[in-house]
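[1] I would like the atomic coordinates for the input below:
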Amino acid sequence: MDVILLHGIWTRGWELYLLKRRLERAGLRASIFSYPSISKSFSENVQNLARFIEASGAKRVSLVGHSYGGLIVCGLVRAMAEGSIKTDVSIEKCIFIGSPLQGSSLARRLSNLLIVKMVTGKSLSCLKRGCTIPAGIVQTAMIAGVLNLGLGMFFIKGPGDGMVALADTQAPWINHHFVVCASHLGLLLSKKTSRICMDFLV
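    Alright, predicted model coming up:
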């Protein structure tokens, strides 16, 4: 099984290498899709993800998206279901790690600040609204953090991972929802996160 991992905003994928290595040790073929999260729009990055998968030559893939990367994953699955992106590749399973599928309550609360608009760029509108896919077309799992340490810890209401509130991750169409005691970035370093991913994908 081929697995493609997507990072969130402000990075280019370096934080995914430990998870990638663990998945490879479990016998999965893993690669990282690096994309410009701030300078390119949501739809542009969805299209580029589709091209990346086509170029890989894989016919069956699973996708793992951290934070905003999970919204890009969601956008691709939705576009394929609606027919706006046509491909022979089959998306088998999707894992979302700390992704604000219901929209980021933190982004909505701070979106009027100039500095927030500057550092989120073209990703802000999607972060505020979130993304959905039709239920049942792909197997899905969410891994959410509840160690509220991060830039948003003073603004998140209720449990969260320091950047994304737990409530932001709870979409009704998700098949499995797991909670890990980790921060937003810590989710990617957690052995529990890796184990959940391996058990779900293998």
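
[2] least trustworthy helix or strand in the protein by mean pLDDT?
    Using mean pLDDT, DSSP states H and E, the weakest-scoring helix or strand in the chain turns out to be helix 114-120, at a mean of 82.

[3] which elements pack onto it?
    helix 105-110, helix 124-129 (3 or more Cβ pairs under 8 Å, 6 or more residues apart in numbering; DSSP states H and E). In short, each C-beta sits where N, CA and C put it, glycine included.

[4] measure Q139 to V77 for me?
    11 Å (Cβ to Cβ, to the nearest Å).

[5] now do the shared contacts for these two.
    Common contacts of Q139 and V77 (Cβ atoms under 8 Å, 6 or more residues apart in numbering): C94.

[6] of those two, which one has the most company?
    Ranked by neighbour count (other Cβ atoms under 10 Å), Q139 and V77 place V77 first, with 22 against 15.

[7] okay, which residue is most central for the chain?
    G70 (1.9 Å; Cα atoms, centre = their mean).

[8] in whichever strand or helix holds it, what counts as buried?
    In this assignment (DSSP states H and E), G70 forms part of helix 68-82. Using 16 or more other Cβ atoms under 10 Å as the test for burial, helix 68-82 gives 68-80.

[9] from L49, how far off is the residue of the chain most remote from its centre?
    Farthest-out residue of the chain from its mean C-alpha position, per Cα atoms, centre = their mean: L114, at 25.1 Å. Counting by Cβ to Cβ, the gap from L114 to L49 is 30 Å.

[10] for G145, the count of nearby residues, please.
    G145: 29 surrounding residues under other Cβ under 10 Å.
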